[in-house]
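S.K.: Mind looking at a prediction? Sequence and model below.
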Amino acid sequence: MSDSVQAVLMCGGLGTRLRPWSYVIPKPMFPIGERPILELLLARLRKHAITEIYLSLGYKAELIESYFKDGAHLGVQLHYVRESEPLGTAGALNLLRDRLRAPFLMMNGDLVTQLDFRAFYAFHLEQRAALTVGVKAYDVPIPYGVVESAAQRVVALREKPTLSVDINAGIYAISPEALSLLPASGRYDATQLIQAAIDAGMRVCSYSIQEYWLDIGRFEDYHKANEDAAAWLDEA
C-alpha cells in the first residue's frame with residue numbers, strides 16, 4: 001500500500017435542513033462537544049496516517065479557511081479549492097484532476113465516524129475496484145404484519161418485522177480511472193458517478209462500515225451525535 005493516501009472532503013453544501021443555524025456557520029463547523037465536525041473528521045484521518053487532504057469549499061468558505069488554515073496544528077496538510085457554483089458531491093473532483101495521482105478517499109465533510117480509513121482503503125486496493133462505496137446497515141421497522149405469498153398462497157406471516165438495508169454512507173475510495181467518467185464541468189453527484197461506473201462495466205464494490213457512523217443531515221442527527229459523543233469523543 002502506498003504510504004501517502006490523499007483524501008478529498010466535500011464541504012460546500014448550504015446545510016438547508018439545519019437552518020437557521022446554518023445561516024450563521026457552515027454545517028462542517030457545527031460543534032460536536034467542543035470541536036467542529038470537520039475537525040473530528042480530520043483527526044480521524046490523521047489517526048490513520050492520511051494527512052494530504054483537499055477541502056472543496058463553497059458556502060461560507062472563508063470561515064472554514066480561517067479556522068483550519070494550513071492544518072499544521074492538526075498534523076495534516078490542507079489544500080483548498082473553491083466552488084464558484086454548487087458542484088454537488090463529486091463535481092469538485094474536476095478541480096483536482098491533475099492532483100489526484102493514485103486511488104484516493106472522498107467523503108462528505110459533515111460526517112461523524114470512527115471508521116478505520118486505512119482498512120477501508122486497503123479493501124479498495126485488494127478488490128482492484130474503480131470505486132468502493134462505504135455502506136452502513138440501516139434498520140427500517142415495518143409497523144404492519146407482512147404477508148408472504150407464492151402463487152396467491154400465503155406461505156408465511158411476519159408480525160411487524162424490521163428490515164435491514166445498506167445505505168450510502170457518503171464515504172468512497174476512487175481510482176483515477178473513474179475520473180474519466182466525470183463531465184467536463186458543472187454539477188455532478190457521487191451517486192451519478194457510481195451509476196456511471198456501473199454502466200461502464202467498471203468494478204464497483206461496497207464496504208460495510210461496522211464502526212460508529214452518523215450523517216449530520218437533520219437536527220435530530222446532530223443532537224444524537226452530541227449525546228453519543230461522551231462515549232467515543234476521546235478516541236476520535
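M.R.: Looks like it arrived, so ask away.
S.K.: The closest residue to Trp213 other than its chain neighbours and Lys136: what is the separation?
M.R.: Take Trp213 and drop its neighbours on the chain: the residue closest to it by CB to CB, 6 or more residues apart in numbering is Thr113, 4.4 Å away. All C-beta spots, glycine's among them, are computed from the backbone N, C-alpha and C. In this view, Thr113 and Lys136 are 9 Å apart by CB to CB, to the nearest Å.
S.K.: Which neighbours do those two have in common?
M.R.: Counting by CB atoms under 8 Å, 6 or more residues apart in numbering, the common neighbours of Thr113 and Lys136 are 169, 209, 213.
S.K.: Touching, the first one and Lys136? I think so.
M.R.: By that I understand Ala169. Yes. Using CB atoms under 8 Å, Ala169 makes contact with Lys136 at a distance of 4.6 Å.
S.K.: Find residues that contact each of those two.
M.R.: By CB under 8 Å, 6+ apart, the residues touching both Ala169 and Lys136 are 209, 213.
S.K.: after whichever strand or helix holds Glu65 comes which helix or strand?
M.R.: Here Glu65 sits within helix 61-68, counting by DSSP states H and E. The helix or strand immediately downstream of helix 61-68 is strand 77-82, counting by DSSP H and E.
S.K.: Give me the helices and strands touching that following strand, please.
M.R.: strand 52-57, helix 61-68 (3 or more CB pairs under 8 Å, 6 or more residues apart in numbering; DSSP states H and E).
S.K.: Report the buried residues of that strand.
M.R.: For strand 77-82, burial by neighbour count (16 or more other CB atoms under 10 Å) applies to 78, 81.
S.K.: what distance separates it from the centre of its chain?
M.R.: Distance of strand 77-82 from the chain centroid (CA atoms, centre = their mean, to the nearest Å) equals 17 Å.
S.K.: same thing with stretch 189-205?
M.R.: Distance of stretch 189-205 from the chain centroid (CA atoms, centre = their mean) equals 16 Å.
S.K.: Now the terminal residues of that stretch, how far apart.
M.R.: This stretch, stretch 189-205, spans 18 Å end to end (CA to CA, to the nearest Å).
S.K.: residues making contact with it?
M.R.: Stretch 189-205 is contacted from outside by 88-91, 106, 123-124, 127-133, 168, 170, 172, 174, 177-178, 181-182, using CB under 8 Å, 6+ apart.
S.K.: now with 6 Å?
M.R.: Residues outside stretch 189-205 that contact it (CB atoms under 6 Å, 6 or more residues apart in numbering): 88-90, 127, 129-132, 178, 181.
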